[in-house]
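**Student:** Sequence plus the predicted model coming up.
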There are 2 protein chains.
Amino acid sequence: MTSISNSDAALSIDLQPPAESSPLVRKLGSLCLMTADEIEFLEGLQNNTVVIEAGADFVAEGDTRSTTFILIEGWAIRYTALSDGRRQILSFAVPGDILGLHINFNAQATYSAAAMNKLKLAAVDPRRILEIYQKYPILASGLSWCTAREFAILGDQAVRLGRLPARARLAHLLLELWYRLELIGKNEGRWLEMPMTQLDLADTLGLSLVHTNRSLAGLRRSGLIEVKKDYIKLLDIEALTELSEFNPDHLAEFSI
Amino acid sequence: MTSISNSDAALSIDLQPPAESSPLVRKLGSLCLMTADEIEFLEGLQNNTVVIEAGADFVAEGDTRSTTFILIEGWAIRYTALSDGRRQILSFAVPGDILGLHINFNAQATYSAAAMNKLKLAAVDPRRILEIYQKYPILASGLSWCTAREFAILGDQAVRLGRLPARARLAHLLLELWYRLELIGKNEGRWLEMPMTQLDLADTLGLSLVHTNRSLAGLRRSGLIEVKKDYIKLLDIEALTELSEFNPDHLAEFSI
DNA sequence: GGTAGAATTTAATCTATGTTAACGTCATTA
DNA sequence: TAATGACGTTAACATAGATTAAATTCTACC
């Protein structure tokens, strides 16, 4: 907003999208050189914004109204609820992420989505996503990359849940979030934003609340992390990586 | 091959793809009405076939040569190997499934893929997938559906691993495979093809081999399944569904 | 048709994680 | 400043599932 004056006043020679652009445009812009046309289309997609209060669901499993959402501000979760009230969180979504990029038209949502904190998101007709593939080849590659990445993230989640012990699961997730936030420029020093409660963390890691707390304490006592309200500091990324067998290449950037 | 004579001799009025067509064409054909042009393109994609021996890897995690594979015959797995030799199988692929539908160009494969039994698959340049999106709108919707389905399958796998006890995990997986094979017409009565060993099953369910065997025995003793070499009979689908909280809608068909 | 190696089954023991319950801390509001 | 409620921490005990090992049954191959 303040930066408008700077692009007015000075001759802009930036090839990168301007600073006031959406997180999605910034994210894709750091990976591929989109045309002005493509950037404009992508920004235009995000005109219809919605605000969701912290804790509220904005997609419910079984919904037949399918909408694609682009996350602009705040964190969201995708999750599945079980009959006894327990939950499995499938993944976190951060600004620049797309929920429902590939939709079963005429089918039901296979998971619910909720806001971790106050959310701003763009509601997009999924038909416009197919339009991207038809008309904007660079964007299409970008979206294909997003899809592959979501797959890798969910696959890593399965590995965590299926084969890693509690502390490694936690370390692995912290590193995933670290690299994802890194890409959108949200890490400050080694402090990682952690807006979720330990109960949310437990439901992500497939652990009980108490054991999640124990695992957190374990990493803390080993000198690997430092914890404060809403933030965790990664004190030794190398050790965390080794402990959890995390592979950063799964989240690596690409370039065209 | 023998059926060529029938389409030569008689006047064909089928709207459905002919019987000798590929599993992928049959799968999509049961969901949407493709044009002759689209069917031809899809079959043409699968000209370059490869045979893989049982047990062999055909994608290794970290590979930078990215290829899309369409499974024509046999079963495959996607998996991640850990440093101590343990494995987490992410999902099974059956005829008609596509591996690497969305590829990170210039990036590494994030999982390995191996043949469960002898495999016939088509190797496709991933650029031709993007071509589909540009030129064949019906096919594009079909592929979008495939992607959403793969997501749902992997999400269900995360729920199994994170929140279900051993026997429910097993029941849940059996039902998933049941509905998937149903779609491609591979179920005989209530007998479900199970070409994997109990070790493979264990690596899918995130359990030890011994406990997988116990879980299998548990379901058998409860009268829910009957086991024979390479097949499992689902004796009580309703009870299995309730036990595992399986939701068949996740794999539901769609139609345009 | 016999044999070696693979796959399955069962039992005994151990451990990581779940469960329950109590207590602490902090922020909000009365 | 007290009361409340959400969230975090810790301890004691219970249990599902891991591990190890050995026996048994398949099955592919000679």
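**Tutor:** Structure's in. What do you need? Numbering: from 1, shown residues only, chains lettered A, B, ... in the order given.
**Student:** residue ranges of the strands in chain A, please?
**Tutor:** Secondary structure of chain A (DSSP state E): strands located at A:49-52, A:57-59, A:68-73, A:76-81, A:87-93, A:98-99, A:112-115, A:119-124, A:191-193, A:225-228, A:231-234.
**Student:** Give the rounded mean pLDDT of the second one.
**Tutor:** Spelled out, it's strand A:57-59. For strand A:57-59, the mean pLDDT works out to 96.
**Student:** and if you look at the third one?
**Tutor:** Averaging pLDDT along strand A:68-73 yields 96.
**Student:** How about A:Gly185: what's its closest non-neighbour residue?
**Tutor:** In this structure, A:Gly185 finds its nearest non-sequential neighbour in A:Arg26, 7.7 Å apart by Cβ to Cβ, 6 or more residues apart in numbering or on different chains. All C-beta atoms are positioned from the backbone trio N, CA, C, and that covers glycine.
**Student:** pLDDT below threshold where in the stretch 1-150 of chain A?
**Tutor:** Residue ranges of the stretch 1-150 of chain A with pLDDT under 70: A:1-19, A:106.
**Student:** In it, what residue comes closest to chain B?
**Tutor:** A:Tyr133 (3.5 Å; Cβ to the nearest Cβ).
**Student:** which ones are touching that residue?
**Tutor:** With contact set as Cβ atoms under 8 Å, 6 or more residues apart in numbering or on different chains, A:Tyr133 has these partners: A:140, A:143, B:130, B:133-134, B:140.
**Student:** try 7 Å this time
**Tutor:** Contacts for A:Tyr133 were tallied using Cβ atoms under 7 Å, 6 or more residues apart in numbering or on different chains; they are A:140, B:133-134, B:140.
**Student:** I'd like to know how far the closest residue to A:Val59 other than its chain neighbours sits from A:Met34.
**Tutor:** Counting by Cβ to Cβ, 6+ apart, A:Val59 lies nearest to A:Ala113, which is 3.9 Å off, once chain neighbours are set aside. A:Ala113 is 27 Å from A:Met34, where distance means Cβ to Cβ, to the nearest Å.
**Student:** Would you reformat the strands of chain A as JSON lines and include mean neighbour count?
**Tutor:** Supplementary listing: these in JSON lines, determined by neighbours: other Cβ atoms under 10 Å in any protein chain shown:
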{"stretch": "strand A:49-52", "mean neighbour count": "14"}
{"stretch": "strand A:57-59", "mean neighbour count": "18"}
{"stretch": "strand A:68-73", "mean neighbour count": "21"}
{"stretch": "strand A:76-81", "mean neighbour count": "22"}
{"stretch": "strand A:87-93", "mean neighbour count": "24"}
{"stretch": "strand A:98-99", "mean neighbour count": "21"}
{"stretch": "strand A:112-115", "mean neighbour count": "22"}
{"stretch": "strand A:119-124", "mean neighbour count": "20"}
{"stretch": "strand A:191-193", "mean neighbour count": "17"}
{"stretch": "strand A:225-228", "mean neighbour count": "14"}
{"stretch": "strand A:231-234", "mean neighbour count": "18"}
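**Student:** Which one of those lies nearest to B:Ala217?
**Tutor:** With Cβ to Cβ as the measure, strand A:87-93 is the member of those nearest B:Ala217 (26.4 Å).
**Student:** could you check the angle strand A:76-81 makes with the closest one?
**Tutor:** Here strand A:87-93 points in a direction 160 degrees away from that of strand A:76-81 (axes from the mean of the first three to the mean of the last three Cα atoms, to 10 degrees).
**Student:** ok, and does strand A:87-93 reach over to chain B?
**Tutor:** Yes. Remark: strand A:87-93 sits within contact range of chain B at A:88, A:90, by Cβ under 7 Å from any Cβ of the partner chain.
**Student:** Extract the C-alpha set from that strand and format it as CSV.
**Tutor:** Only the C-alpha atoms of strand A:87-93 are listed here, as CSV (Å, rounded to 0.1, in the frame of the first residue of the first chain):
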residue,chain,number,x,y,z
ARG,A,87,-9.8,-35.9,14.1
GLN,A,88,-6.9,-36.5,11.7
ILE,A,89,-5.5,-33.3,10.3
LEU,A,90,-4.2,-34.1,6.8
SER,A,91,-2.2,-30.9,6.1
PHE,A,92,-1.8,-27.3,6.9
ALA,A,93,-2.4,-24.6,4.3
